[in-house]
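Enquirer: Only the shape, not the letters, is given here:
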């Protein structure tokens, strides 16, 4: 069994910052891509940022246009953790944020995709 547990959400004023963390635990052999998604009420979940697992460069990153220059994704492979640093937050960033990861539980690299339970981020104007 694999679990992803997010933390760091909350209420912040516009222009403020929050740092989300997501820890993967359980039967983990390797972790490939890790990412953050968000979901607005009544909308489909959308990808916010993603980071690959490149041992030479530390991982390539990809961002949604709406968060480029404000959000930064990073990972700590030793801790099986991915972070999302969110700066210059706007009321339109208010959503439930979900962690996502591609994880293999064995040396055969049978990868499964996992989701966290979500953490609420609310930005007041």
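Expert: Nice, thanks for sending it over. All figures in this text were calculated on a predicted structure; none of them were measured in a lab. Numbering: from 1, shown residues only.

Enquirer: Helix or strand: which one has the residue nearest to the spatial centre of the chain?
Expert: In the chain, the C-alpha nearest the mean C-alpha coordinate belongs to residue 36, at 2.9 Å (Cα atoms, centre = their mean). Using DSSP states H and E, residue 36 sits in strand 30-39.

Enquirer: Hmm, the residue nearest to the centre of the chain is touching residue 98, no?
Expert: Yes: if you go by Cβ atoms under 8 Å, residue 36 and residue 98 touch, sitting 7.1 Å apart. All C-beta spots, glycine's among them, are computed from the backbone N, C-alpha and C.

Enquirer: Is the residue nearest to the centre of the chain bridged to anything, and to what?
Expert: residue 49, residue 99 (DSSP bridges).

Enquirer: Would you check how far apart it and residue 80 are?
Expert: 15 Å (Cβ to Cβ, to the nearest Å).

Enquirer: and what of residue 116?
Expert: For residue 116, the distance to residue 80 - Cβ to Cβ - is 12 Å.

Enquirer: Give me the more crowded residue out of those two.
Expert: Per other Cβ atoms under 10 Å, whichever of residue 116 and residue 80 has more neighbours is residue 116, with 22 against 19.

Enquirer: State the pLDDT value of residue 58.
Expert: What the model reports for residue 58 is a pLDDT of 65.
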